[in-house]
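K.L.:
structure for the following, please:
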Amino acid sequence: MPVRATAGIVVLSVLVAAGCGGRAGHALRSERSTQVAHSAGVGRVATPVALRSCRVGTQKIGSLRLAYGAAARRPLAVHALPRAGKVVRRFGRLDLNGFPVVFGVTAERRGASCAAQWYRVQLPTLPNGSRGWVRAADVRLFTVRSRIVVDLGARTLALYRNGRSVLRARVAVGAPSTPTPVGRYYVNERFLLSSPNGPFGVAALGISAHSDVLRDWVQNGPIALHGTDEPALIGEAASHGCVRLSNSAMKRLFRLAPAGTPVVIRS
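P.N.:
Take a look at the predicted model:
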C-alpha cells in the first residue's frame with residue numbers, strides 16, 4: 001500500500017482533546033491552533049509473503065523484526081472470540097477523523113483449508129490494550145518492519161527497522177498530573193500538518209492509546225506522537241499525555257513509521 005495523501009481535513013480537535021500542545025497546567029495553546037491536517041494514508045507497507053507450510057488452529061504472529069497490521073475493507077464487527085458470537089465493537093471503513101480504520105494484528109486462526117479465518121487485533125479504543133477478533137475476509141493484512149519504543153523515564157524515543165535502531169530522539173512526555181499511558185499500542189493514524197508553526201509541528205502519528213485521566217475530553221483524550229513549536233520543552237514532562245519530538249526528528253519518524261507500527265511505552 002503506497003502513501004496516499006487526501007484533501008485537507010480538520011482533525012486537530014482530536015489532538016486538542018488530548019492536550020498535546022502547550023505546557024500542562026497552562027492555557028491550552030492547541031485550542032488556538034490554525035493548523036490543518038492532511039491524511040497521509042497508511043504509509044509504505046507490504047503484502048505478506050505466502051506461507052510455505054500450514055498450521056491449523058490459533059497461533060501468535062509477528063516478532064521484534066516483523067509486525068502485522070490490518071486495514072478494514074468494509075464496515076465490520078469485532079468479536080470476543082474467533083467465531084460468530086458476542087460482538088464487542090463495530091467499526092466503519094473510516095474512523096471519526098476520516099482515516100482508514102487500521103488494527104495491529106497479534107494472532108491468527110487458520111482452518112482446515114489452511115486459509116486464515118480470523119485475526120486477533122489490537123483496538124484503538126478504551127480501555128487501553130483492548131483486543132478482539134475480526135474475520136479475515138473483512139480486512140486487508142499487511143506487514144511493517146518498524147517498531148517504536150518510548151522510554152518515559154529517560155524521555156527518549158527509539159525507532160527500530162528490521163530489529164536495528166535507526167533513530168533515537170529526546171522527547172517531551174506527559175506531566176505528572178496528565179501522564180503518558182504505559183503499554184503496548186500501535187500507530188493508527190498519520191497526518192501531515194499544513195504549517196510547522198503550531199503546537200503539533202510538522203506531523204502527527206496517532207496511536208491506539210488514550211489518556212488515563214482525561215476521560216471527559218473529545219474522543220476520550222487520544223494520544224499522539226507529534227512535532228512541536230516549543231522545542232525548548234523537549235526533555236521535560238510537559239504535555240497533557242502526548243509525546244513530542246523536535247520537528248526534524250518527527251520528519252524522520254513519520255517517513256519510517258507506517259500505520260500498524262507497534263508502539264511500546266514504558267516507564
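K.L.:
can you show me the helices along the protein?
P.N.:
Per DSSP state H, the chain has helices spanning 12-17, 247-256. These are given in chain order.
K.L.:
return the member of these having the minimum mean pLDDT.
P.N.:
Here the lowest mean pLDDT among the helices of the chain goes to helix 12-17, at a mean of 48.
K.L.:
quick one: end-to-end length of stretch 50-61, please.
P.N.:
The first residue of stretch 50-61 is 14 Å away from its last residue (Cα to Cα, to the nearest Å).
K.L.:
contacts for it?
P.N.:
The contact list for stretch 50-61, computed with Cβ atoms under 8 Å, 6 or more residues apart in numbering, reads 68, 82, 105, 106, 107, 108, 109, 110, 111, 112, 114, 120. To be clear about C-beta, it is placed using only N, CA and C from the backbone, and glycine gets the same treatment.
K.L.:
now it: buried residues?
P.N.:
For stretch 50-61, a neighbour-count test (16 or more other Cβ atoms under 10 Å) marks residue 61 as buried.
K.L.:
what's the answer for stretch 115-123, then?
P.N.:
For stretch 115-123, the neighbour count (16+ other Cβ under 10 Å) marks 116, 117, 118, 119, 120, 121, 122, 123 as buried.
K.L.:
okay, and the beta partners of the fourth one?
P.N.:
Applying DSSP bridges to residue 119 yields these beta-bridge partners: residue 108, residue 134.
K.L.:
can you list the domains in the chain?
P.N.:
With automatic domain parsing as the criterion, the domains of the chain are listed as 8-41+146-266, 57-144.
K.L.:
closest one to residue 49 among the ones you listed?
P.N.:
domain 57-144 (8.3 Å; Cβ to Cβ).
K.L.:
just the terminal-to-terminal distance for that closest one.
P.N.:
Start-to-end span of domain 57-144 (Cα to Cα) is 24 Å.
K.L.:
likewise stretch 77-94?
P.N.:
End-to-end distance for stretch 77-94, by Cα to Cα: 14 Å.
K.L.:
cool, stretch 187-204 as well?
P.N.:
Distances were taken as Cα to Cα; on that basis the terminal residues of stretch 187-204 are 10 Å apart.
K.L.:
got the buried residues for it?
P.N.:
Going by neighbour count (16+ other Cβ under 10 Å), the buried part of stretch 187-204 is 187-193, 196, 198-204.
K.L.:
let me know the closest of those residues to residue 37.
P.N.:
Closest to residue 37 out of the buried residues of stretch 187-204 is residue 191 (4.0 Å), distances taken as Cβ to Cβ.
K.L.:
wait, that closest one sits on residue 203?
P.N.:
Yes: using Cβ atoms under 8 Å as the test, residue 191 is close enough to residue 203 to be in contact (6.6 Å).
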